[in-house]
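Q: pasted the sequence and its predicted model underneath.
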Amino acid sequence: MNSDKQAAVLNIEKVRKTYGTAEALGSIDLCVAAGEFLTILGPSGSGKTTLLRIIAGFEAPDSGRVSIRGMDMTWATAAERQIGMVFQNYALFPHLTVLENVMFPLEMRAIRRGPATERARAALESVHLGAFADRYPKQLSGGQQQRVALARAIVFEPSLLLLDEPFSALDRRLRESMQQEVKQLQVSLGLTTIFITHDQDEALVMSDRIAVMSGGAIRQIGTPSEIYYHPNSISVATFVGESNIFDGTPVGCGFRAASGARFTLAAPAECTRILIRPETVSLRRPPAAADHHEKNVFSSTVIGRSFVGGFTDYRVRLAEGDEISVRAVAREGGAFELGETLQMIVAPEDCRPLSGKAGR
Ligand SMILES: Nc1ncnc2c1ncn2[C@@H]1O[C@H](COP(=O)(O)OP(=O)(O)OP(=O)(O)O)[C@@H](O)[C@H]1O
């Protein structure tokens, strides 16, 4: 075993799962390091829940191996794995108080009442619910119930914390504050965490690394910035963030789109597609004197505009016919008009090869 794998809390090797003739998971390999926050991101049906259930011990793989802290746990029960879990639907016991809910995992482990109460109270403090110990779940808001579920998941100091879409029932503001809170707690306690979501923004905000799944396979794994700026495929690029994708062919140091639009790239690349993120593009009214040294300046027309508070999202059509989305910082009274003829500019380093040798 190499040192990476020794430091891993979770190591998944060649895990496969089929339901009848349908393959839910191909051959999954995944290593999660101690203290790491890893997100499994993917659209509905991509296999996230199946993978999570196999990690948790609710489901057995057809083949492959699941190790936790270096021990083969493929056939261990859920209880033997010492994993803390939080689900979307809270799953608190309604007839137990908040404190009793949090003490439950400790009672299951036959920890005496005195120390169990002390630990449960400390866990409730860590999620800022110390004052709510004697309430019942139905007397709490959704966000508070989810914090109780989190306290219950961490109270027995699990080797691994699994979070399955835990914020999806919460409204946007509460969701964002819960993201911050969970992230702070995860860092301060050094919790090794696997987070499942189909929400790319949530994945980008919270994760040390993101594994992007589709069709039962991990398509790419990397830091949020690697995934966003260097997607290795069209499916990852379009799933994470907004994107403009041009098909075409490499020409010298540049790229010619199918429409004929020519882009200068930062370096020659053997690619058949380039990716341009909307926020890397700028728009301006044509200056009186043209600067012929400037690269990637295209004549374009505004064909759509929406103000999204802080930003204006434009849709523009290049003279060559391609349509492209642009995200600009909004200034009151400073928006371009529909039908206006503008220049669209994009830096060579922001035209990213998507496939081929230099495409990553
Ligand atoms: N018990 C089952 N029996 C048959 N097929 C199943 C079963 N569970 C999952 N599948 C199939 O396996 C594939 C992966 O499903 P899975 O629930 O893991 O996806 P997911 O990414 O978690 O989706 P969602 O975000 O909608 O929960 C899907 O095609 C699904 O229909």
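A: Good, I have the coordinates.
Q: mind splitting the protein into its structural domains?
A: 3-238, 246-359 (automatic domain parsing).
Q: mean pLDDT and mean neighbour count added to these, as CSV?
A: Heads up, the C-betas are built off the backbone N, CA and C, glycines and all. Converted to CSV, the domains of the chain look like this (pLDDT from 0 to 100; neighbours: other Cβ atoms under 10 Å):
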stretch, mean pLDDT, mean neighbour count
domain 3-238, 91, 18
domain 246-359, 90, 15
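Q: what would those domains look like in JSON lines with distance to the ligand?
A: Below are these laid out as JSON lines (distance: least, Cβ to the nearest ligand atom, whole Å):
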{"stretch": "domain 3-238", "distance to the ligand": "3"}
{"stretch": "domain 246-359", "distance to the ligand": "24"}
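Q: and the most centrally placed residue in the chain, how far from Thr192?
A: Here the mean C-alpha position of the chain is nearest to the C-alpha of Ala203 (Cα atoms, centre = their mean), at a distance of 2.3 Å. Here the criterion is Cβ to Cβ, to the nearest Å. By it, Ala203 lies 17 Å from Thr192.
Q: what's the answer for Cys271, then?
A: For Cys271 relative to Thr192 (Cβ to Cβ), the value is 37 Å.
Q: contacts for the lengthiest helix in the chain, please.
A: In terms of residue count, the longest helix belonging to the chain (DSSP state H) is helix 172-189. Contact partners of helix 172-189, identified using Cβ atoms under 8 Å, 6 or more residues apart in numbering, comprise 37, 126-128, 142-143, 146-147, 150, 154, 161, 163, 166-167, 170, 191, 193, 202, 205-206.
Q: one more: stretch 288-308?
A: Stretch 288-308 has contacts (Cβ under 8 Å, 6+ apart) with 261, 263-264, 283, 286, 312-320, 323-324, 330, 335-348, 351.
Q: ok, stretch 89-102 next?
A: Applying Cβ under 8 Å, 6+ apart, the set of residues contacting stretch 89-102 from outside is 104, 117, 120-121, 123-124, 129, 132-138, 140, 142, 145-146, 148-149, 151-152, 155, 169.
Q: could you pull out the strands for the stretch 101-250 of the chain?
A: 160-164, 193-197, 209-214, 217-222, 244-251 (DSSP state E, counting those that start in this stretch).
Q: how about the ones you listed, which one is nearest Ser46?
A: Minimum separation from Ser46 across the strands of the stretch 101-250 of the chain (Cβ to Cβ) falls at strand 209-214, 4.3 Å.
Q: just the angle for that closest one relative to strand 217-222, thanks.
A: For strand 209-214 against strand 217-222, the angle by axes from the mean of the first three to the mean of the last three Cα atoms, to 10 degrees is 160 degrees.
Q: now do strand 209-214: which elements does it pack against?
A: strand 37-41, strand 217-222, helix 224-229, helix 234-239 (3 or more Cβ pairs under 8 Å, 6 or more residues apart in numbering; DSSP states H and E).
Q: so in that sheet, which strands flank the second one, and in what orientation?
A: Partner strands and pairing direction for strand 217-222 (DSSP bridges) are strand 209-214 (antiparallel).
Q: what does the first one give?
A: Next to strand 37-41 in the sheet, as set by DSSP bridges, lie strand 193-197 (parallel), strand 209-214 (parallel).
Q: ok, residues contacting the next helix or strand along the chain from that strand?
A: Once strand 37-41 ends, the next helix or strand along the chain (criterion: DSSP states H and E) is helix 48-56. Helix 48-56 has contacts (Cβ under 8 Å, 6+ apart) with 10, 12, 15, 17, 24-25, 28, 40-42, 59-61, 66, 78, 81, 83, 85, 160, 162, 164, 194, 196, 198, 213, 216.
Q: how about a cut-off of 6 Å?
A: Helix 48-56 has contacts (Cβ atoms under 6 Å, 6 or more residues apart in numbering) with 17, 24-25, 40, 42, 59, 61, 78, 83, 162, 164, 196, 213.
Q: and for stretch 157-165?
A: Contacts for stretch 157-165 (Cβ under 6 Å, 6+ apart): 9-10, 52, 56, 68-69, 82-88, 191-197.
Q: and what of stretch 236-250?
A: Contacts for stretch 236-250 (Cβ under 6 Å, 6+ apart): 200, 212, 219-220, 227-228, 231, 255-258, 270, 273-276, 278, 324-325.
Q: now the nearest residue to Arg119 once chain neighbours are set aside: phi and psi?
A: In space, Arg119 comes closest to Val155 once its chain neighbours are excluded; the distance is 5.7 Å by Cβ to Cβ, 6 or more residues apart in numbering. The phi/psi pair for Val155 (degrees, to the nearest 10) reads phi -60, psi -30.
Q: picking up where we left off before, redo the helices and strands packed on strand 209-214 as TSV? Include distance to Glu176.
A: What follows is these, written out as TSV (distance: least, Cβ to Cβ, whole Å):
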stretch	distance to Glu176
strand 37-41	16
strand 217-222	24
helix 224-229	16
helix 234-239	21
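Q: hmm, Gly45 and Ser214 touching each other?
A: No. In this structure, Ser214 is not within contact of Gly45 by Cβ atoms under 6 Å, at 8.9 Å.
Q: for Pro224, give me its contacts.
A: With contact set as Cβ under 6 Å, 6+ apart, Pro224 has these partners: Leu204, Ser207, Ile210.
Q: which residue packs closest to it, ignoring adjacent ones?
A: Using Cβ to Cβ, 6+ apart and skipping residues adjacent in sequence, the residue nearest Pro224 is Leu204, 4.5 Å away.
Q: if anything else comes up later, I'll come back, but that's it for now.
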